[in-house]
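Participant: Make a model of this:
(chains A and B)
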Amino acid sequence: MNLRKILTMHDALKWILLLGLSIFLLLMLMPFFLVTINALKTESEFAQFGPLSLPHVISFASLIDFWNRVNFLQPLKNSAVISVSVAVLGVGLSLLNAYALGFGKIKGKTGILIFFLMANFLPQEALAYPLYYFAKFFHIYDTSYVVIIVFTVIQSAFGTYLLASTFSSFPREIIEAALTEGCSKLKLLTRIVIPLSMPTLSVLFVFFFIWTWNEFFLPLILLPSNAHQTVPLALAVNQGQYGMNVTAQSASGLLGILPCIIFFLIFQRTLTKGITAGSIK
Amino acid sequence: MAGTKKKRSSLDKGYGYFLIPGIIAFLIVIIIPFMINFGISFTKWSGVRAPIWIGLSNFQRLMSDTIFWLSFKNILILLIAMTVIPTIVGLLLATFLFDYISNNFGQRVSSFFRAGFYLPQILPAAVIGIVWAWILQPDTGVVNYVFKSIGMVSWAQNWLGDPKFALLAVMFVMVWFQIGYPIVIFMAALQRIEPELLEAAAMDGASWFQKFFYITIHQIRPEIMVIVVTTTIYTLKIFGQVYVLTGGGPGNATSVPSYYAYKNFFETQQVGYGSSISVVMAILIILLTIVFINIQSRQEHEENA
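Facilitator: Prediction:
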């Protein structure tokens, strides 16, 4: 055992390929790293050593400066309220639709499901102006409500499509047993279907939450005032504003990235399960 | 419905009520707005006063509108960055991770790489724009800093502000953003391939390339189609990245249809014309959705056969 392990050609190649792949991944992740190190630098350090040096002294000045400039807690709260509401309501609406379509024998079922998928894929500019007009007409323009309502429906279009297909393969014996014993349709949904579909529902919840958090086009149109902006909006509107220095700009990038990294770490497993479920059931 | 629910024939009935909230919600948020938008596309309207019916004039104007065609051409070029490159590179990387890295270093390592490549996908379009606009800035950006510090001063460019480079820069960002999505889908798809198939081919003396082209690609072609169609739809809908990175500029060098529609709606107040742009895009996307559904139902059909 005193001999140093001699690498065979295959072993050497193996490590070289892993190294190559790692370098590629590091380059892919470089933007995250660059934004972080420069957000934690002072402006004078940036001016002196450029964007590639690690901060000699960790400074939160840029982050705090940007945070206060946009009053960042407000968009964080707005985004959280909107995304959680849409996730809850969207899963609920998907569930009702999919329950009717997946379990019931409804005429033109396939057609309805195709309609739902189209509704989700539709370009938002094809709905934007009428929605903008409606929102003003009903006096919910520039409130969280309008965004919550709109995205609950748009997200549940996808949720209905996905859930209905899993429901159609739901074990028939369970349904029949429950119904012949006199269980009502509502009880069947709340006592049996929901508990048994929890894994799929949680995937939908996570996706609706993140999709809604990331939305840009319709919130841009429906939420003009600072007080109601979501995180992506607040960051985009303040981008490159007069008097904002280069470290404050990287701070704004970091503040945009951080919540998403947190979601990613929390939901990673559900996410990978869901991405594949979305395209191929 | 209470009295009949014990009969077998009634087991499939009585679910319709659960569709009522969905129908109302979809009427208000999707169907009626879509119809109104469709109607507006035949009018001249500034958003105030009454719209004036002008028939197909908006669509005729579209046909000869150079900015619209430029936006459309940009979308076609962006397809290279958002569909073609991610599908090919994603397929190669997924196969490499699944076949090689996973076998030699274990599944944990390959899952780690998969998660890493996927990371850009979770960012909001606007944040992607902010981060890359910062990296690509002409004076203080990282890219030009690197070129200057290694003595290639002439390589430093105004990436997002120069019409020669702006679209290329947007494409580069989109490749970076998009690559993780096909990797995740393809790695899941590769698990479906029966190992016996590959073993049998190997026994017959098939090379790695032959196995890749004749077995792997053949077996996962439904997923390849799904990726191609969904990423094409995303490309047709692209808005946030363009809005933040370039604002469609310089000039209209990076304009895309959704951005052009937005400008007509909310900047130049040509609501009717904006609607006609969005109608064209909606029709294209509906056609692609039909293709997508056909692929999925064909695949289901094969699974059941």
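Participant: Give me the neighbour count for the closest residue to B:P250 other than its chain neighbours.
Facilitator: Distances taken as C-beta to C-beta, 6 or more residues apart in numbering or on different chains place B:P163 nearest to B:P250, at 5.2 Å, with adjacent residues excluded. Every C-beta, even on glycine, is put in place using the N, C-alpha and C of the backbone. By the criterion of other C-beta atoms under 10 Å in any protein chain shown, B:P163 has 13 neighbours.
Participant: pLDDT value on B:P163, please?
Facilitator: If you check B:P163, the pLDDT there is 93.
Participant: Then A:L101?
Facilitator: Taking A:L101 on its own, its pLDDT is 89.
Participant: secondary structure element for it?
Facilitator: For A:L101, the element it lies in under DSSP states H and E is helix A:73-103.
Participant: Identify each buried residue in that helix, please.
Facilitator: A:75-76, A:78-79, A:82-87, A:89-91, A:93-103 (16 or more other C-beta atoms under 10 Å in any protein chain shown).
Participant: do stretch B:77-96 as well
Facilitator: B:78-79, B:81-83, B:85-87, B:89-91, B:93-96.
Participant: hmm, back to that, ok, and which of the buried residues of helix A:73-103 reach chain B?
Facilitator: Among the buried residues of helix A:73-103, the ones lying near chain B by C-beta under 8 Å from any C-beta of the partner chain are A:93, A:96-97, A:99-101, A:103.
Participant: hang on, the earlier thing: what inclination does the helix or strand that the helix holding A:L101 is followed by have with respect to helix A:73-103?
Facilitator: Counting by DSSP H and E, the element after helix A:73-103 in chain order, helix or strand, is helix A:109-121. Between the axes of helix A:109-121 and helix A:73-103, defined by axes from the mean of the first three to the mean of the last three C-alpha atoms, to 10 degrees, the angle is 170 degrees.
Participant: got the contact list for the helix or strand that comes right after helix A:109-121?
Facilitator: Later in the chain than helix A:109-121, the nearest helix or strand by DSSP H and E is helix A:125-137. The contact list for helix A:125-137 (C-beta atoms under 8 Å, 6 or more residues apart in numbering or on different chains) reads A:141-142, A:146, A:150, A:217-218, A:221-222, B:28-30, B:32-34, B:36-37, B:40, B:47, B:239, B:258, B:261-262, B:265, B:271, B:274-275, B:277-279, B:281-282.
Participant: Give me the PyMOL select line for these, limited to the buried ones.
Facilitator: Selection command for PyMOL covering only the buried members of those, criterion 16+ other C-beta under 10 Å:
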select buried, (chain A and resi 141+142+146+150+217+218+221+222) or (chain B and resi 28+29+30+33+34+36+37+40+47+239+258+261+262+265+271+274+275+277+278+279+281+282)
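Participant: Counting only helices, which of the contacts of helix A:125-137 make the cut?
Facilitator: Those of the contacts of helix A:125-137 mapping onto helices are A:146, A:150, A:217-218, A:221-222, B:32-34, B:36-37, B:40, B:258, B:261-262, B:265, B:271, B:274-275, B:277-279, B:281-282, per DSSP state H.
Participant: Find the nearest non-adjacent residue to the residue nearest the centre of chain B, please.
Facilitator: Closest residue to the average C-alpha location of chain B: B:Y234 at 2.0 Å, with C-alpha atoms, centre = their mean. Leaving aside its sequence neighbours, B:Y234 sits nearest to B:M82 (C-beta to C-beta, 6+ apart; 6.4 Å).
Participant: So what's the residue count around B:W69?
Facilitator: B:W69 has 12 nearby residues by other C-beta under 10 Å.
Participant: tell me the pLDDT at it?
Facilitator: pLDDT at B:W69 comes out at 95.
Participant: Can you tell me how far the residue of chain A found nearest chain B is from A:F170?
Facilitator: Closest residue of chain A to chain B, C-beta to the nearest C-beta: A:G104 (2.9 Å). A:G104 sits at a distance of 12 Å from A:F170 (criterion: C-beta to C-beta, to the nearest Å).
Participant: between these two, which one's more packed in?
Facilitator: Comparing A:G104 with A:F170 by other C-beta under 10 Å, the one with more neighbours is A:G104, at 20 against 15.
Participant: The more buried one contacts A:L189, correct?
Facilitator: No. A:G104 is beyond contact range of A:L189, at 11.5 Å (criterion: C-beta atoms under 8 Å).
Participant: Spatially central residue for chain A, please.
Facilitator: A:I210 (1.5 Å).
Participant: Report pLDDT for the residue lying closest to B:G55 once chain neighbours are set aside.
Facilitator: Nearest residue to B:G55 in three dimensions, chain neighbours excluded: B:F42, at 6.0 Å (C-beta to C-beta, 6+ apart). Per-residue confidence (pLDDT) for B:F42: 96.
Participant: Can you report how many residues lie near B:F42?
Facilitator: Residues near B:F42, counting by other C-beta under 10 Å: 20.
Participant: isn't it right next to B:W53, touching?
Facilitator: Yes. With contact defined as C-beta under 8 Å, B:F42 counts as touching B:W53 (6.2 Å).
Participant: if I pick the closest residue to chain A within chain B, what's in contact with it?
Facilitator: Of chain B, the residue with the smallest distance to chain A, taken as C-beta to the nearest C-beta, is B:Y15 at 2.9 Å. Neighbouring residues of B:Y15 by C-beta under 8 Å, 6+ apart: A:99-100, A:103-104, A:106, A:185.
Participant: Good, we can wrap up now.
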